[in-house]
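[1] Dropping the sequence and predicted coords here.
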Amino acid sequence: MKSAVILSLSFVAATASAQWQILDTHTTADLQGIDSVTPGVAWASGTNGTVLRTENGRTWLTCAVPPDAATLDFTSIQGFDTWTAVAMSSGKGSLSRLYKTTDGCRTWSKVFDNPHPSGSFESLHRATAAEIYLLGDPDNGKMTIYYSRDVGKTWARITEPGLDIPSSSGAIIAGTASLTNVDWLMAFATAGKDASVFTFTITCKTDPCSFTWVGRATPLGQSGPLSAVASVAGRTYAGNPLPGVTGDVATSLVTTLVAVGGDAQAPGSNKAVAAVSTDSGITWRLSGIQPGGYRSGVAFDPLRERFIAVGPNGTDVSSDDGISWLPLRPSYADASDADKNWTSISLPYVVGTHGRLGILR
């Protein structure tokens, strides 16, 4: 009897109860983009020109389809407030576009066409109340990033150094991970054998300060030739100066980054799915206990000080900054598959296939 009790306690310690409550979206589109603007205001996007929004976190309204976008896949969306958002479609060449609404998605205007005929837009990220960034596939040996400083009205390409693809490998095949920023640090990642995370470094040894992108390989490329870093999230601590970074902006901050991904063609494999950097992306190591399979999204939950990773076959949580992961199992109050079939996360929301949308209780 004693051994049975010990076994039972061990099982409880190795899992956690799921907290995803499934909401009704009135759509069967595969949802791929989600952005939580405030606790109540959020935007979601998906296949067939689908865009959704909510003003209370519970009731999701279907938006008008942007012009000539009924067949487009809106894989990323960023909201600025209840009325304003920019939606990004992905696909080769002209299938990649940006649309903007300022009237709560009753009407849309196209604000940017992909100038790269063979590449695709990959990710969209709002950094401030006016700034928004766009990640595209490599072009002429460099990663592609555009920015707007007027709420998505006009766009320009970033020209700061450091976005070159290593010529020795040629194995970076795409920009994949959502652009993200953690306080002062901005990061994105790539797919391929040399799956890397690029971070934005500020150096103030000269006047004016210089800005450089620095790409570092991660262990997540070990999964296979189609492996990728699919998502990056982070948290910042007060601490010692960051290695190689000077200036007031970084002298008292230490950033931990968590990258998730793996091989989307083998979603059940937990080989090289999550990695951690405790020095702002300079060095990376694999998590000691991996998530249960390919993970397409990760976010940091500041209220509970934990990272949450989602994917097609499950949800995992980490309370030790990505070093170890536990599966999040459905509780008695949840649907039996509440932990599965998720694509993207923007807490407290998560989206997935066939119109799936959940909220974290």
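    Yep, that arrived.

[2] can I assume Q78 sits in a helix?
    No. Assignment of Q78 by DSSP: H, G, I helix; E, B strand; the rest coil gives strand, placing it outside any helix.

[3] burial of K153, as a residue count?
    15 (other CB atoms under 10 Å). The C-beta positions use only the backbone N, C-alpha and C, and glycine is treated the same way.

[4] And the one 4 residues further on, by the same measure?
    Residue crowding around R157 was assessed by other CB under 10 Å; the count is 14.

[5] can you check A64 too?
    Using other CB under 10 Å, A64 has 15 other residues around it.

[6] mind checking pLDDT for it?
    pLDDT for A64: 98.

[7] Do I have it right that it meets W108?
    Yes. Using CB atoms under 8 Å, A64 makes contact with W108 at a distance of 6.9 Å.

[8] secondary structure class for the residue nearest to A195 when sequence neighbours are not counted?
    Using CB to CB, 6 or more residues apart in numbering and skipping the chain neighbours, the partner closest in space to A195 is G221 (3.8 Å). Under the three-state scheme (three-state DSSP), G221 adopts helix.

[9] From S123, how far out is G221?
    With distances taken as CB to CB, to the nearest Å, G221 is found 19 Å from S123.

[10] Look at A230 and say how many residues are nearby.
    27.

[11] Is the nearest residue to it once chain neighbours are set aside part of a helix or strand, or is it coil?
    Of all residues not flanking A230 in the chain, G261 sits nearest, at 3.8 Å (CB to CB, 6+ apart). Following three-state DSSP, the label given to G261 is strand.

[12] can I assume G261 is in contact with S231?
    Yes. The criterion here is CB under 8 Å, and G261 meets it with S231 at 7.0 Å.

[13] what's the nearest residue to C63 if we skip its chain neighbours?
    Nearest to C63 is C105, by CB to CB, 6+ apart, at 3.4 Å.

[14] Tell me the spacing between the one you found and T82.
    When CB to CB is the yardstick, C105 and T82 sit 10 Å from each other.

[15] likewise R295?
    For R295, the distance to T82 - CB to CB - is 31 Å.

[16] and if you look at V111?
    Computed with CB to CB, the distance linking V111 and T82 is 19 Å.

[17] Would you map the helices across the stretch 1-150 of the chain?
    Assigned helices in the stretch 1-150 of the chain, in chain order: 2-13 (criterion: DSSP state H, counting those that start in this stretch).

[18] Quick check: which ranges of it have low pLDDT?
    Along the stretch 1-150 of the chain, the parts satisfying pLDDT under 70 run over 1-18.

[19] before we move on, the earlier item: so between R295 and T82, which is more surrounded?
    Using other CB under 10 Å, the more surrounded residue of R295 and T82 is R295, with 31 against 16.

[20] didn't the more buried one look like it was pressed against I308?
    No. Counting by CB under 8 Å, R295 stays clear of I308, with 9.8 Å between them.

[21] residues shared between the contacts of these two?
    Counting by CB atoms under 8 Å, 6 or more residues apart in numbering, the contacts common to R295 and I308 are D316.

[22] show me where the stretch 201-350 of the chain has strands.
    For the stretch 201-350 of the chain, the strands defined by DSSP state E, counting those that start in this stretch occupy 210-217, 228-238, 253-262, 274-277, 285-286, 297-301, 306-311, 314-318, 326-329, 342-346, 349-352.

[23] In TSV: the ones you listed, plus mean pLDDT.
    TSV is the format used below for the strands of the stretch 201-350 of the chain (pLDDT from 0 to 100):
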stretch	mean pLDDT
strand 210-217	82
strand 228-238	87
strand 253-262	87
strand 274-277	96
strand 285-286	96
strand 297-301	95
strand 306-311	96
strand 314-318	96
strand 326-329	92
strand 342-346	96
strand 349-352	96
